[in-house]
Each structure stands twice: as C-alpha cells, then as structure tokens.
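Novice: can you look at this prediction? I've put the sequence above it.
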Amino acid sequence: MLLPQAASAAVSHKSPFNCGKTFYANNWSPGHSPSGAIDWQDYGGDDINGETVRATASGTAYFNDAGSTSYGKWVEVRHSDGTSTRYAHLSTMVKSAGGSMSVSQGTTIGTVGATGGVSAPHLHYEQRTSSGAVDTSPTVDGVTVSLGQKKAVTSTNTCSSNPYTPEEVCGGGYTVIDSAALTGGRTYLLYNSGNGYNCVVTLKTTNLGSASAMSAFLEPQGASRTTDSGSYGYYAGPVRRAASGQCVKWGGSNGSSSYTSPFEHCG
C-alpha cells in the first residue's frame, strides 16, 4: 500500500542583505511587472548599489543573463517546498549564466546593480508559489509587504551563523581533513585529491559581517609560506598550495587568537 507523503515544511524568508542592513521594500502598485514583486531601494543615507545579495532561504540557485533587457543578470532559487525566489538587475553573480549551485539561507549569490536597462540600481525580488504565481504579499524577516506598501526592513540574514562553509570558500573538490578552534572562529585545512592541492580558510563564528583582523596561512615543507590577512567580515582565505606528498604547516587567526600546526599531513 502506498502511503501519502508528508508535505514539505513552508519556507521562511529573511531579507536578501547582510545582517543589520536596512533597505526599503517597495511593493509598488499599479504598474509594476510582475505585480507583487518587491523593489529593494535605498534607505536613509545607505546606497543599495553594490550591496551583497544573499539567498533569502535555502535551495538550488540557477544563474541567468537576459542582457540589456528584462531582468538583466538574475538568479532563481528553487526551494524545498516547491516555491522559488528571483533576484534581478544584478551587477555581478557568483556563477556564470547557465550555472547552478546549492545554497543555504544567507549564501552570497551576487551584488545589486542596474542590468536589464533599469533607470537606477535596485534589487528586484519575487517570491513565487509552487504553481509559479507571484505572491503579491511576500513576507521577509517577519514583515509582510502587501501591494501598494513600502516598508523599511532590517535584515537578520546571516546574523546567527556564518553563511559560508570551508568547502564553499575553497571550491569544488576540496574536503576538510583537519581544523582548530579559535576564539570566535575556526581555521580549516582542506585537501583536493584530484589536483593535489591543500587549502586553508579561517571562518568566524561571532561578530559576523563586521570587518575585523583575520588570517589564514599554508606552508608546504621546504617552501615559502603563503598568508592571507586583512580585515574581513566572514572569512580569511582561501590559501591554496600544491602539496601532494608533502608535509604542511597551516593555521590562522581571528583577532588575537591564533593557531599554528606542526608540519603534518605528509601523505
């Protein structure tokens, strides 16, 4: 006997911007196409142009480019409950048109721009039902923006956890083989068996989105050390070096907390 399958839980959406960022969500009507789409616009003195755009919920992201018409550079994220979100007029995308990737809530997918022939930079955003219809009263970060409304929404996206993973930062084919705890973060050593490269990245676990001193380094035995250090909001690195069959010294820092390994992982 076939048992009915349980429906997927409804997806909850956060704002598509960095933690703490406030922008206007404008569901203007009439005349907006499609009706119910949100235009995210400047708020106060905060210019939205160039802002990081993040997935409002987890799913699979598909990257597209309509050139100088329609959405311009745009991304569709398809979610587990059959719904989807669209993010249009992007200046940049993290993958080329035709590409796809799995995303978590808060994963970076692009930056705000004005592609598609629009008059000013903004983020066009849609929430679509499983049937493909646009939700004309979308809710983000607990704020419902119905037709004709314009509301200031403050993002809590990425506030509680780092939206990046070591594998995402280092790239395809890399697997974590070691890690060490830091105060407010963790440093990771990864290896790619396909090309013989190691990769080191340091990720924050607190103070997310606020730039502060971080570093990541990698030193194959008998070779010079490569370090990435600076003031970062989420991670330092990636530092990649060819090290097949070599011992490596690796580590990183977050603020005053640091870790340096001995030469190890020599296989």
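Specialist: Perfect, I can see it now. Numbers count the residues shown, from 1 in each chain.
Novice: any weak-confidence spans in the stretch 51-200 of the chain?
Specialist: Nowhere does the stretch 51-200 of the chain drop to pLDDT under 70.
Novice: got the residue ranges for the helices in it?
Specialist: Taking DSSP state H, counting those that start in this stretch as the criterion, the stretch 51-200 of the chain contains helices spanning 166-170.
Novice: residue boundaries of the strands in it?
Specialist: Under the criterion DSSP state E, counting those that start in this stretch, the stretch 51-200 of the chain carries strands at the ranges 52-54, 59-65, 73-78, 84-93, 100-103, 108-112, 123-128, 139-140, 143-144, 150-154, 175-182, 185-192, 197-204.
Novice: nearest to Ile38, out of these?
Specialist: Smallest distance to Ile38 across these (Cβ to Cβ): 4.4 Å, for strand 123-128. Using the backbone N, CA and C atoms, a C-beta is placed for each residue, glycine as well.
Novice: can you show me the CA trace of that closest one as PDB?
Specialist: Extracted in PDB, the C-alpha atoms of strand 123-128 (Å, rounded to 0.1, in the frame of the first residue of the first chain):
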ATOM      1  CA  LEU A 123      17.100  44.700  -6.400                       C
ATOM      2  CA  HIS A 124      14.000  43.300  -8.000                       C
ATOM      3  CA  TYR A 125      12.800  40.400  -5.800                       C
ATOM      4  CA  GLU A 126      10.000  38.000  -6.200                       C
ATOM      5  CA  GLN A 127       8.500  35.200  -4.100                       C
ATOM      6  CA  ARG A 128       6.700  32.600  -6.300                       C
END
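Novice: the chain should start at 154 in everything you say after this.
Specialist: Got it, first residue is 154 now, which makes that one strand 276-281.
Novice: packing partners of that strand?
Specialist: Secondary-structure packing of strand 276-281 (3 or more Cβ pairs under 8 Å, 6 or more residues apart in numbering; DSSP states H and E): strand 191-194, strand 237-246.
Novice: and the ones you listed as TSV, adding mean neighbour count?
Specialist: What follows is these, written out as TSV (neighbours: other Cβ atoms under 10 Å):
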stretch	mean neighbour count
strand 191-194	22
strand 237-246	22
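Novice: relative to Lys226, which of those strands is closest?
Specialist: Short answer: strand 237-246, nearest of the helices and strands packed on strand 276-281 by Cβ to Cβ, at 4.2 Å.
Novice: contact partners of the closest one?
Specialist: For strand 237-246, contacts defined as Cβ atoms under 8 Å, 6 or more residues apart in numbering pick out 166, 169, 202-203, 206, 208-210, 212, 216, 218, 223-232, 262-269, 271, 274-281, 285.
Novice: do that again at 7 Å, thanks
Specialist: For strand 237-246, contacts defined as Cβ atoms under 7 Å, 6 or more residues apart in numbering pick out 169, 203, 206, 209-210, 216, 224-231, 262-269, 271, 275-281.
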